[in-house]
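Visitor: structure, please.
(one chain, ligands or ions: 1)
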Amino acid sequence: MSKVHKEQETGGMALHAVQAGTPTQDAAGLLAAALKPGADYSQVVNAVEAVLQCTQRGLAGDAASYAQYQSLLLELHLPGEPRTEPTRRWMASQIYLVEDKFAPELPNFTALPVDQFRERVDAEIAARTRVKHPMSVHLFEGTPPLRDVRFFLQHHWTRSYNFYSLLAELAFRFEAIEDASVFYRNLYGEAGAESPDRSHPALLAHLMTYFDIPLSIDFARLDPLEKAYLNNRIRCVRHTDVAWGLALLYAVESVSCVNHRRIYELLQRLDVPAEPSEFHRLHGTQDEIDTEEMWNLIAKLAPGESFQRMFMQSLVRHFDINKAYFDMLWQEMQGQAIQNA
Ligand SMILES: [Fe+2]
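Guide: Numbering: from 1, shown residues only. Below you'll find the model as predicted:
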């Protein structure tokens with residue numbers, strides 16, 4: 001039995017052996033059938049087996065399977081019919097178990113005292129900053145054409161419009177209200193506090209309107225690497241082990257202020273008026289979550305070796321996916337420049 005087949009014991013469910021050349025398109029059809037009204041349990045099981053096999057092949061290096069598994073996982077993650085919500089969440093949770101088996105290996109990993117662990121985490125985040133990415137240099141240190149700014153902002157909307165839902169999901173993982181409240185306080189701000197028209201998605205929407213960027217997103221047409229980026233965020237905050245979600249949100253939050261300020265400065269250079277710039281002015285001058293408060297929550301859990309390992313695995317995976325995603329956007333941006341030359 002091959003290594004791949006041995007690893008298919010997942011979540012108490014034995015998967016059928018993958019035959020060479022098994023058509024991956026079966027997974028989409030089986031999934032659609034399993035989510036129809038009246039689908040029986042065996043249809044759900046057949047669908048999840050096909051999806052998990054696709055996931056396994058994708059993570060083992062098969063590009064077509066990777067693209068399909070990201071599409072199917074995004075379909076499970078996006079809001080759909082409430083009737084299918086429990087099934088979709090359960091199926092997604094089974095995919096997470098396969099992904100866990102492919103979590104980044106951390107050779108020579110050793111647990112550290114909590115204060116030193118924070119130094120390691122912050123050093124990893126600093127080393128992986130987007131600031132040095134060539135697309136960032138082009139946008140924030142160069143004189144990018146409007147077309148490139150618009151392209152960047154369109155994808156910014158795709159990944160940011162529902163940030164609040166990540167906070168809500170992670171808050172739900174904490175039973176003690178004093179822990180969950182770290183995220184609830186932030187959700188209050190995300191929702192615009194006492195002024196719904198000041199909700200952060202509403203503020204960002206003003207910028208999209210200014211640049212004539214549609215608010216509706218055609219998720220099916222997104223690049224697999226963008227789907228992977230979106231899926232990983234949702235996976236981390238829904239994962240039953242909170243180390244995944246805490247690492248993801250800490251990584252996002254600790255660079256949020258700097259990243260948004262750079263965008264705000266770009267908007268200023270482009271003479272974008274105050275109302276459409278408000279989202280970036282706000283986020284460029286304050287942390288979404290008080291990162292110290294968030295670290296205090298992390299520090300309560302951090303003494304354990306398994307927590308620290310999982311936290312670092314989450315960081316490494318997030319940054320690997322983030323880099324692949326930004327490389328893809330940069331390539332596409334340059335391709336547009338050539339087309340328009
Ligand atoms: Fe926000």
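Visitor: and the gap between the residue nearest to Pro224 when sequence neighbours are not counted and Leu73?
Guide: Residue nearest to Pro224 in three dimensions, not counting chain neighbours: Ala67, with 3.9 Å by C-beta to C-beta, 6 or more residues apart in numbering. For every residue, glycine as well, the C-beta is placed using N, CA and C. Distance, Ala67 to Leu73, using C-beta to C-beta, to the nearest Å: 11 Å.
Visitor: out of the two, which sits in the busier spot?
Guide: Leu73 (27 against 18; other C-beta atoms under 10 Å).
Visitor: part of a strand, is the more buried one?
Guide: No: remark: Leu73 does not belong to a strand; assigned using DSSP: H, G, I helix; E, B strand; the rest coil, it is helix.
Visitor: now do the contacts for the residue lying closest to it once chain neighbours are set aside.
Guide: What sits nearest to Leu73 in space, not counting adjacent residues and going by C-beta to C-beta, 6+ apart, is Asn231, at 4.8 Å. Neighbour list for Asn231: 70, 73-74, 77 [criterion: C-beta atoms under 8 Å, 6 or more residues apart in numbering].
Visitor: tell me the pLDDT of Gln25.
Guide: pLDDT, Gln25: 56.
Visitor: distance between the ends of stretch 270-279?
Guide: With C-alpha to C-alpha, to the nearest Å as the measure, stretch 270-279 spans 16 Å from end to end.
Visitor: out of the contacts of Asn231, who's the most crowded?
Guide: Of all those, the most densely surrounded is Leu73 (27 neighbours; neighbours counted as other C-beta under 10 Å).
Visitor: against which helices or strands is the helix ranked longest in the chain packed?
Guide: Longest helix in the chain, counting residues (DSSP state H): helix 305-339. Helices and strands touching helix 305-339, by 3 or more C-beta pairs under 8 Å, 6 or more residues apart in numbering; DSSP states H and E, are helix 114-127, helix 134-141, helix 146-160, helix 224-238, helix 242-269.
Visitor: go again with 10 Å.
Guide: Helix 305-339 sits against helix 85-101, helix 114-127, helix 134-141, helix 146-160, helix 224-238, helix 242-269, helix 291-301, with contacts defined as 3 or more C-beta pairs under 10 Å, 6 or more residues apart in numbering; DSSP states H and E.
Visitor: tell me the mean pLDDT over that helix?
Guide: Confidence for helix 305-339, expressed as mean pLDDT, is 94.
Visitor: what do you get for stretch 240-250?
Guide: Average pLDDT, stretch 240-250: 97.
Visitor: how far out from the middle of the chain is that stretch?
Guide: The chain centre lies 11 Å from the centre of stretch 240-250; the measure is C-alpha atoms, centre = their mean, to the nearest Å.
Visitor: does that stretch come close to the ion?
Guide: No: contact between stretch 240-250 and the ion is absent, the nearest approach being 12.1 Å (criterion: C-beta under 5 Å from the ion).
Visitor: can you pull the buried residues of that stretch?
Guide: Within stretch 240-250, the residues scored as buried using 16 or more other C-beta atoms under 10 Å are 241-250.
Visitor: in stretch 294-308, what counts as buried?
Guide: Within stretch 294-308, the residues scored as buried using 16+ other C-beta under 10 Å are 294-295, 297-298, 302, 307-308.
Visitor: closest to Ala34 among these?
Guide: Phe307 (34.7 Å; C-beta to C-beta).
Visitor: circling back to that earlier point, looking at the residue nearest to Pro224 now. What's its pLDDT?
Guide: In this model, Ala67 carries a pLDDT of 97.
Visitor: pretty sure it sits against Asp223.
Guide: Yes: counting by C-beta atoms under 10 Å, Asp223 is a contact partner of Ala67 at 8.8 Å.
Visitor: returning to that earlier point: need the buried residues of stretch 294-308 in JSON lines (columns: distance to Arg173).
Guide: Formatted as JSON lines, those follow (distance: C-beta to C-beta, whole Å):
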{"residue": "Met294", "distance to Arg173": "14"}
{"residue": "Trp295", "distance to Arg173": "17"}
{"residue": "Leu297", "distance to Arg173": "11"}
{"residue": "Ile298", "distance to Arg173": "13"}
{"residue": "Ala302", "distance to Arg173": "16"}
{"residue": "Phe307", "distance to Arg173": "13"}
{"residue": "Gln308", "distance to Arg173": "18"}
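Visitor: which of the buried residues of stretch 240-250 lies closest to the ion?
Guide: Lowest distance from the ion to the buried residues of stretch 240-250 (C-beta to the ion) belongs to Leu249, with 12.1 Å.
Visitor: ok, the closest one to Asp148 distance?
Guide: 29 Å.
Visitor: same thing with His318?
Guide: Between His318 and Asp148 the distance is 25 Å, computed by C-beta to C-beta.
Visitor: neighbour-wise, which of these two wins?
Guide: Neighbour tally, His318 and Asp148, criterion other C-beta under 10 Å: the higher count belongs to His318, 23 against 18.
Visitor: touching, that one and Ala251? I think so.
Guide: Yes: assessed by C-beta under 10 Å, His318 is found in contact with Ala251 at 5.6 Å.
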